[in-house]
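>>> quick one: sequence plus predicted model below, questions after.
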There are 2 protein chains.
Amino acid sequence: MSLSNLLTLSGQVNDLLNASSVLSWDARTMMPKGGSETRSKQLATLTVAARDLLCSDQMKRALEGAEKDVAGLDDTAPEARMVAQVREAIAYHERIPAELLRRKTELGGIGHDKWAEAREKADFSLFAPALKDIVDVSREMAEAIGYEDHPYDALMYRFEPGTTTAELKTLFARLREGMLPLVQQIAQKEQPRSDFLYREYPVEGQMAFALKMAAKLGYDLDRGRLDTTVHPFEISFTRNDVRITTRVNPKYMPMSLFGALHETGHALYEQGADPAYVRTPLATDLVGLYAVSGVSFGAHESQSRLWENHVGRSRAFWQNHFADIQAAYPETLADVTSEEFYRAVNRSRPSLIRVESDELTYDFHIMLRVELESRMIEGSLSVDDLPEAWNAGMKSYLGVDVPDDAQGVLQDVHWSSGQIGTFCNYTIGNIMAAQLFERAMQEQPAIGTALEGADYAPLRDWLTDKVTRHGRRYGRDELLVNATGRTLDPEPYLRHLTSKFSEIYGLAV
Amino acid sequence: MSLSNLLTLSGQVNDLLNASSVLSWDARTMMPKGGSETRSKQLATLTVAARDLLCSDQMKRALEGAEKDVAGLDDTAPEARMVAQVREAIAYHERIPAELLRRKTELGGIGHDKWAEAREKADFSLFAPALKDIVDVSREMAEAIGYEDHPYDALMYRFEPGTTTAELKTLFARLREGMLPLVQQIAQKEQPRSDFLYREYPVEGQMAFALKMAAKLGYDLDRGRLDTTVHPFEISFTRNDVRITTRVNPKYMPMSLFGALHETGHALYEQGADPAYVRTPLATDLVGLYAVSGVSFGAHESQSRLWENHVGRSRAFWQNHFADIQAAYPETLADVTSEEFYRAVNRSRPSLIRVESDELTYDFHIMLRVELESRMIEGSLSVDDLPEAWNAGMKSYLGVDVPDDAQGVLQDVHWSSGQIGTFCNYTIGNIMAAQLFERAMQEQPAIGTALEGADYAPLRDWLTDKVTRHGRRYGRDELLVNATGRTLDPEPYLRHLTSKFSEIYGLAV
């Protein structure tokens, strides 16, 4: 009875957060420009209303009763986990003083404008004062939230609960050890042909192909839709309405497709959640105040990277689907083979910009950001010294010279809005993707056979069973142990990269 | 200080209601079909959250303080009106027991499904039980809300505050007296040529023309957008984001244009509200829990009907713009003159369906509905006798025989969702439109000259000054007296109809 009260109230929190997501989607896809100022106020009110309801006296009374209701249950029972997540989220939010939260929100608004101006003028000094305030307030947040070892751990909690700075240090060292030799060897090799990727690809054909492939992977269009935006994203309003976007460049074909496949992976996570969890805490990030079924940002990224890279950038995929894209652009692709296409979309070379980087060099961009963030938060790197540290890092990791701040330290939007602690998700996602994919192939060889035949259902079913249907019931590592027998493990990822790039570039490993 | 507290809280109510409007717009334009069930829950939560915040203890404390702040002000000062509207809305909502509200909401959900089935099968008896419950609960609502003279007055309050059943009776009698002779005479006359309206009009050209005309009348696309839907509508999320839709029939050209002009009129009301009133009670219907600047549904309809009929169906409009539509469809319209087009879009003849009826016969559909609704609410007409009363009314007012319930008593969606008391708005809108338009032309003859030259700014400026900028500051009749020196007055409307249709059909009047 009290559990049902708790679920009624947490369902309302979920409704408010989903409403907020609808308003965000609309703002990024449909809203006329005049609407932005009042839209920000509407979004702020929805988040505050959700937080206030979560931390309200009636919620606490319902929680007290629900704790008794689930006292006899196994700790991993869905009901027990729902109750535990409400309890933990209330505790989390109550540790953050309202005044501090207000200050952080305000700084985020200011920071974005300063960052945009600084980036446009490629002048970090214009953003530095705002970033100093953001770092200061983030350090205060870390102290309020609390941590055992490193203040940066407290900031990562909202995105990747349980991950520590120490753990990332070890993980990143192992990745560098495995990946640097590949990057260095590839630098000595000839690049595959890729001229044909930059020909004329009219937008309609690209979008039709992207939508067709998304549906083919299993994206349910009765519960979704695809639009175009400047930056691709996935967002959901319960599992019943999960939307994706991609971007289209009429002179560079892969962008629209891989954007769509990446977001399709995210969408399959949300669409694949257990229908019984709809509107419950197992479909709501009550700590992050975001209506999502994925259990961490890294876990979410594992699904997008798995479908984008392990499926979409595989040789089998292009053996099966190159004919489709060739049929859409017969003259443009008359002189290209599926094998050439496969190699072209897997070229690897160090580059300046994270979002344009390839599967092998991507994680170096992440390692650099995580290092710099954690040093700023611990106080061993000042904001003024940040550009120099950035440029030195790019040189040391990727051998790249950064020509200006716009193409360097100012390239990402994250810090400008006060978002610190989320970059690790990308690399954790890459690692998890490989770990899950390798396990699926070992456990059910039929999955691999099906992929060779362009049948994506067996892989999707395996992922639904092991990952997506559980929503937020299991923590990320719990989920990984259940699925693969191990917590986060970089070895399958290194095996994947080594085998793939050795073969493409003819490396000696 | 307390006024500012009140405005902070009422601003949040406005945000929640605007969020609800975004979710409604999305549900009607963009949402995949799978999203409907959870979307309903999200909408319900937003409305309840807005109502709860409005009636909360903190709002009442803020109200108490604000009452003192505005005690010295003139009763019509914006701040005094803001405070008064919060006070009245709280009183209104507190008169309605939560249990009754819940029952009404539930019945609305059930009623819609029953109605849809009944309409599909053209069998009123399938809807009758649900409608009986809806009428019963509406009568209970009327008793809870309270009234002086007639229970139907209590139901109209939410849509058209202050309007009474007695007042409508007098008004409708005068309208019939003036309009019936026109309808009867036209029945004896030859109809103008209209064959060319039903030719092939590809959709793109229609939408481009509709959008061009909307912008020409003054619809600001930086704060708006036009989409297509099954039923045209306008909805706003503050004056900064006001969206319209229209419907397109590739074989009947006027539908898309007049839909767009009608909704443009609504949009100009919202876009024209005083920027200082954004998020305040003067831009929020706190009684109806709807974020809107228009002061009543009738006042809103006055703007849509004014731009649709007095401008869009005027001879000057077609003298100016027929060339545009002819340029879009040169072969289709090669054998047509602007005068023929003007006459064709003004044909009048009795018909079965309200939403397809013409300017002259439209109000008879409304009078019938208001009569039947008010009789059901007062208890002098039973639901079982409704179809017979409907058919008799159609025969007596318009000489039309109703072939089945789908084309008769089941044609409108309103009752199915429990919406009773709103039909009068359409006729009040028609009356107000004529009253305002006549006054504008008398007061500033330059407005008429400008219209002859396709310059819509002077008329729009006059309406902004007299109507739209005030938002909800003045009541409907107060607004009318300020603008025209009179409360609601049917004579300008009758003069307009008489003069227009006499001229088109060559009637002796």
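All right, it came through fine.
>>> grab the longest strand from chain A for me.
Using DSSP state E to define each element, chain A has its longest strand at strand A:242-246.
>>> next one: phi and psi at residue A:249?
phi -120, psi 120 (degrees, to the nearest 10).
>>> isn't it up against residue A:255?
Yes: Residue A:249 is in contact with residue A:255 according to CB atoms under 8 Å; the separation is 4.8 Å. C-beta here means a position set from N, CA and C on the backbone, and glycine is covered the same way.
>>> the more surrounded of these two?
Using other CB atoms under 10 Å in any protein chain shown, the more surrounded residue of residue A:249 and residue A:255 is residue A:255, with 20 against 14.
>>> just the CA atoms of the longest strand of chain A, as PDB, please.
Output of strand A:242-246 as PDB, limited to C-alpha atoms (Å, rounded to 0.1, in the frame of the first residue of the first chain):
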ATOM      1  CA  VAL A 242      12.000   7.400 -28.100                       C
ATOM      2  CA  ARG A 243      13.300   9.800 -30.600                       C
ATOM      3  CA  ILE A 244      16.600  10.200 -32.500                       C
ATOM      4  CA  THR A 245      18.200  12.800 -34.700                       C
ATOM      5  CA  THR A 246      21.100  12.800 -37.000                       C
END
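>>> quick one: it to chain centroid distance?
14 Å (CA atoms, centre = their mean, to the nearest Å).
>>> go on, stretch A:98-118?
22 Å.
>>> then stretch A:283-299?
With CA atoms, centre = their mean as the basis, stretch A:283-299 stands 11 Å off its chain's centre.
>>> around chain B, pick out the residues from chain A.
Contact residues (CB under 8 Å from any CB of the partner chain) of chain A with chain B: A:11-12, A:15-16, A:18-20, A:22-23, A:26, A:30-35, A:37-39, A:41-42, A:44-46, A:48-49, A:53, A:220-225, A:237-238, A:240-241, A:243, A:278-279.
>>> so which of those residues sit within strands?
Counted as lying in strands by DSSP E, out of the residues of chain A next to chain B, are residue A:243.
>>> would you mind checking the residues of chain A next to chain B for buried ones?
The neighbour count (16 or more other CB atoms under 10 Å in any protein chain shown) marks A:11-12, A:15-16, A:18-20, A:22-23, A:26, A:30-32, A:34-35, A:38-39, A:41-42, A:45-46, A:48-49, A:53, A:220, A:223-225, A:237-238, A:240-241, A:243, A:278-279 as buried among these.
>>> can you tell me which of those residues are in helices?
A:11-12, A:15-16, A:18-20, A:22-23, A:26, A:38-39, A:41-42, A:45-46, A:48-49, A:53 (DSSP state H).
>>> poorly predicted segments of chain A, please.
By pLDDT under 70, the low-scoring segments of chain A are A:1.
>>> so which residue is dead centre in it?
Centrality entry for chain A: nearest residue to the mean C-alpha point is residue A:301, 4.0 Å, by CA atoms, centre = their mean.
>>> what strand or helix carries it?
For residue A:301, the host element (DSSP states H and E) is helix A:297-305.
>>> against which helices or strands is that helix packed?
Applying 3 or more CB pairs under 8 Å, 6 or more residues apart in numbering or on different chains; DSSP states H and E, one finds that helix A:297-305 contacts helix A:254-271, helix A:424-443, helix A:476-484.
>>> of those, flag the one that's most buried.
Ranked by mean neighbour count under mean count of other CB atoms under 10 Å in any protein chain shown, the helices and strands packed on helix A:297-305 are led by helix A:254-271, which reaches a mean of 26.
>>> excluding chain neighbours, give the residue nearest to residue A:414 in space.
Counting by CB to CB, 6 or more residues apart in numbering or on different chains, residue A:422 is the residue found nearest to residue A:414 once chain neighbours are left out, at 6.4 Å.
>>> could you do residue A:440 as well?
Nearest residue to residue A:440, sequence neighbours excluded (CB to CB, 6+ apart): residue A:462, at 4.8 Å.
>>> burial measure for the one you found, as a count.
Residue A:462: 20 neighbours (other CB under 10 Å).
>>> what's the answer for the one 5 residues further on, then?
For residue A:467, the tally of surrounding residues (other CB under 10 Å) stands at 27.
>>> what comes into contact with stretch A:374-386?
A:124, A:128, A:131-132, A:135, A:138-139, A:142, A:150-152, A:155, A:165, A:168, A:372, A:389, A:409, A:420 (CB atoms under 8 Å, 6 or more residues apart in numbering or on different chains).
>>> out of the residues you listed, which are buried?
Listed as buried from these are A:124, A:128, A:131, A:135, A:138-139, A:142, A:150-152, A:155, A:165, A:168, A:372, A:389, A:409, A:420; burial here means 16+ other CB under 10 Å.
>>> pick out the residue of the stretch 351-500 of chain A closest to chain B.
When scored by CB to the nearest CB, the stretch 351-500 of chain A has residue A:471 as its residue closest to chain B, at 14.6 Å.
>>> got the contact list for that residue?
Contact analysis of residue A:471 by CB under 8 Å, 6+ apart lists A:273, A:274, A:277, A:282, A:283, A:293, A:294, A:295.
>>> got the residues you listed as CSV, with neighbour count and secondary structure columns?
Shown next, in CSV, are those (neighbours: other CB atoms under 10 Å in any protein chain shown; DSSP: H, G, I helix; E, B strand; the rest coil):
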residue, neighbour count, secondary structure
A:273, 26, coil
A:274, 18, coil
A:277, 22, helix
A:282, 23, helix
A:283, 29, helix
A:293, 28, coil
A:294, 26, coil
A:295, 25, coil
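>>> the residue nearest to residue A:414 sits in which helix or strand?
Residue A:422 belongs to no helix or strand when elements are defined using DSSP H and E.
>>> and for the residue nearest to residue A:482 when sequence neighbours are not counted, the neighbour number?
Of all residues not flanking residue A:482 in the chain, residue A:474 sits nearest, at 6.6 Å (CB to CB, 6+ apart). Neighbours of residue A:474 under the rule other CB under 10 Å: 19.
>>> for residue A:56, same thing?
Residue A:56 is flanked by 14 other residues according to other CB under 10 Å.
>>> same question for residue A:379.
10.
>>> do residue A:316 as well
Using other CB under 10 Å, residue A:316 is surrounded by 15 other residues.
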